[in-house]
Every structure is written in structure tokens, then in C-alpha cells.
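Enquirer: Can you look at this prediction? I've put the sequence above it.
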Amino acid sequence: MGRPAWCRECRHEIAWATLIPSGKAVPLDVSPDPELGIYHRRFITDSTGRRTSTVVQLSGHDLTEARDRARRYPADRESRLWVPHFATCSARRPHPTETTR
């Protein structure tokens, strides 16, 4: 997975990946989750041997099928779905006493 990294907001461990096709860096939770995951992760090794983590965001029918597969085959590394860290970051969630109007 590469070097460990930590969220600046909540201090939980995260992993960075490159979103395809935009090339933007995306922070991921370090554990896959078939219920919350929206990214399919792949590792690419370039000609110098450098390994890069890339993700593709799934939606609609593709996401439904991927979640079904991840639930059926939890040990299959190719079927895992990864969660963007901003969806679970405790520092980014509103405080329980705050109300939204």
C-alpha cells in the first residue's frame, strides 16, 4: 500500500490513490468496505518498478454489481471496494449537538 499517511483533521491512517481519469489524488480509508465503498482500486507498476495506486469511481449499475461481488467474495482482492476518507472522517462530520436548518 505504500508509505503510511495520516489525515490532518482526524489523525486516522489513510492511503493515497490517483483517481482515473482526472489524475487527482484521493485519500482512502485503509480498510475496504463493500457497503460504503465507491472506488475500485488497482495497482500499476511502471517500467522503473514504481507501484502506483489508482482508483476508478463506480456508480449506478456498475456500483451495485461491484458491491454484490464484494459481499459474495470478501477474500478476493480484485472485488474489494474502497471508501473515500472524507466520507468517514470524524473531524469533518458535524458535531452531534449542532443542528441544521
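Expert: Perfect, I can see it now. Residues are numbered from 1 along each chain as shown.
Enquirer: Which parts of this protein are helices?
Expert: Per DSSP state H, the chain carries helices over the ranges 60-72.
Enquirer: So what touches stretch 14-33?
Expert: Residues from elsewhere that reach stretch 14-33 (Cβ atoms under 8 Å, 6 or more residues apart in numbering): 1-2, 5-7, 12-13, 39, 41, 52-57, 70, 80-86, 88. (Each C-beta comes from the backbone N, C-alpha and C, glycine too.)
Enquirer: Now, of the residues you listed, which are buried?
Expert: 7, 39, 41, 53-55, 70, 80-85, 88 (16 or more other Cβ atoms under 10 Å).
Enquirer: What is the most widely separated pair among those?
Expert: Within the buried ones among the contacts of stretch 14-33, 7 and 70 form the most distant pair, 23.7 Å apart (Cβ to Cβ).
Enquirer: picking that back up, counting only strands, which of the buried ones among the contacts of stretch 14-33 make the cut?
Expert: Of the buried ones among the contacts of stretch 14-33, the ones assigned to strands by DSSP state E are 39, 41, 53, 54, 55, 81, 82.
Enquirer: correct me, but the third one touches residue 43?
Expert: Yes. Between residue 53 and residue 43 a contact is recorded at 5.7 Å, counting by Cβ atoms under 8 Å.
Enquirer: what's in contact with stretch 41-59?
Expert: 1-2, 15-20, 26, 28, 32, 38-40, 66, 80-82.
Enquirer: 10 Å - rerun?
Expert: 1-2, 15-23, 26, 28, 32, 37-40, 62-67, 77-78, 80-82, 84 (Cβ atoms under 10 Å, 6 or more residues apart in numbering).
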